[in-house]
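Engineer: give me coordinates for this.
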Amino acid sequence: MIEYEHASDVLKESHDIIRRLSLGHIDADRLFCLRSKGSRSRGVIARCHVLPKALQKALGLEAHYVIEVISERFDSLSHEERAKVIIHELLHIPKSFGGGFRHHDFVSRKNVENLYRIYASRKSDIV
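Structural biologist: Residues are numbered from 1 along each chain as shown. Alright, predicted model coming up:
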């Protein structure tokens, strides 16, 4: 059985990445992060979930996104690799922030690496 807990460390890093990379289309108040334990999925380090449009409409809510990190794989990564995973998941969130996803034609290793370099340089400028 999968167990979930809030991942305040991942949320904090996500907010820092959003700010430093100027990803203003992401509403940080509607972004949540969870750490899961017990997933049987293979090769998955993290996932991005969204409240589906039908549920948004039925519940009278706007879109909300959740980044789930798989504890068994994510927690052992270096700080750099963790940041890249978070950037990857944030890239799945479209500019509309409306409940859809950007696919892997946009969310590519090249885009993640480029954004990580920018993020790391902006982070070191402030240290």
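Engineer: R42 in helix, strand or coil?
Structural biologist: Here R42 is recorded as coil under DSSP: H, G, I helix; E, B strand; the rest coil.
Engineer: burial count for it?
Structural biologist: For R42, the neighbour count with other Cβ atoms under 10 Å is 6. Heads up, the C-betas are built off the backbone N, CA and C, glycines and all.
Engineer: could you measure it against R73, distance?
Structural biologist: Distance of R42 to R73, computed by Cβ to Cβ, to the nearest Å: 10 Å.
Engineer: do Y116 as well
Structural biologist: Distance of Y116 to R73, computed by Cβ to Cβ: 18 Å.
Engineer: the two: which is more packed in?
Structural biologist: Of the pair Y116 and R73, Y116 is the one with more neighbours under other Cβ under 10 Å, namely 19 against 16.
Engineer: quick check: closest non-adjacent residue to the more buried one.
Structural biologist: K84 (5.2 Å; Cβ to Cβ, 6 or more residues apart in numbering).
Engineer: so where do the helices sit in the chain?
Structural biologist: Using DSSP state H, the helices of the chain run over residues 8-20, 53-59, 71-74, 79-91, 109-126.
Engineer: JSON lines please, covering the ones you listed and showing distance to R47.
Structural biologist: JSON lines is the format used below for those (distance: least, Cβ to Cβ, whole Å):
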{"stretch": "helix 8-20", "distance to R47": "12"}
{"stretch": "helix 53-59", "distance to R47": "18"}
{"stretch": "helix 71-74", "distance to R47": "11"}
{"stretch": "helix 79-91", "distance to R47": "7"}
{"stretch": "helix 109-126", "distance to R47": "15"}
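Engineer: please consider this matter closed, and thank you.
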